[in-house]
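Q: using only what follows, build the 3D model:
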Amino acid sequence: MSLTQVIGSGLGSLGTSLVATADGGSATTSVIQGLTKHFTMYNQDANTVKESFNQSSITDNSTGDFTTSFTNNFNNTVYCSVGMAENQYTTARGQNGLCIDTQLNSSDAVSNGTALSASARDYRTKFGSNSSESGGYSDQAPGMLANVGDLA
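A: Numbering: from 1, shown residues only. All right, here's what the predicted structure looks like:
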């Protein structure tokens, strides 16, 4: 019986234990846990969202600083954020980058930036330094990011 037949036959939900086995191997992965739970493609220059999933809103806080709020919160603050910014460097600027706006100390306590949250995450976008420019915050078009973890 295929997965489509099981779901279509009304036998219930998939629950949290759906596991896939690698082709030709014994390695397994949790399909539910390994899914992207949030993503967005955001144009900071125009303050427009090109595409998103599980995002209730996005806030442009200031130049190079924005916050995504989730429709469905994560279970806790321990989820993984990945992202990138457009590489629009010139001879006057180094390469761009995107990062979360949180700095933790050796005890995992916030020492700078915005506290981690299960309902939203704050991001910063910067351009790099080179011989003629010291770098700094800048709006990017586009900024692309995703979050993976357990939803509440």
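Q: shaky segments in the chain?
A: Regions of the chain meeting the criterion pLDDT under 70 cover residues 1-17, 29-34, 87-92, 131-133.
Q: find the centremost residue of it, please.
A: Among the residues of the chain, the smallest C-alpha distance to the mean C-alpha position (CA atoms, centre = their mean) belongs to residue 146, namely 2.8 Å.
Q: what's opposite that one in the beta bridge?
A: Taking DSSP bridges, one obtains residue 39, residue 82 as the residues bridged to residue 146.
Q: my guess is it contacts residue 83. True?
A: Yes: contact between residue 146 and residue 83 holds when scored by CB atoms under 8 Å: they sit 6.9 Å apart. (C-beta placed from N, C-alpha, C; glycine too.)
Q: the helix or strand where residue 66 lies: partners in the sheet, and parallel or antiparallel?
A: Residue 66 belongs to strand 65-70 when elements are defined using DSSP states H and E. According to DSSP bridges, strand 65-70 forms sheet pairs with strand 55-62 (antiparallel), strand 120-127 (antiparallel).
Q: output the first one as PDB, nothing but the C-alphas.
A: Taking only C-alpha atoms (Å, rounded to 0.1, in the frame of the first residue of the first chain), the coordinates of strand 55-62 have been written out as PDB:
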ATOM      1  CA  GLN A  55       5.200  33.500   8.400                       C
ATOM      2  CA  SER A  56       2.500  35.700  10.000                       C
ATOM      3  CA  SER A  57       4.400  39.000   9.400                       C
ATOM      4  CA  ILE A  58       7.800  40.600   8.800                       C
ATOM      5  CA  THR A  59       8.900  43.800  10.400                       C
ATOM      6  CA  ASP A  60      11.500  46.100   8.900                       C
ATOM      7  CA  ASN A  61      13.100  47.400  12.100                       C
ATOM      8  CA  SER A  62      15.800  49.600  10.500                       C
END
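Q: residues in contact with that strand?
A: Contacts made with strand 55-62 from outside it, assessed by CB atoms under 8 Å, 6 or more residues apart in numbering, are listed as 38-40, 42, 44, 47, 49, 52, 66-71, 122, 137.
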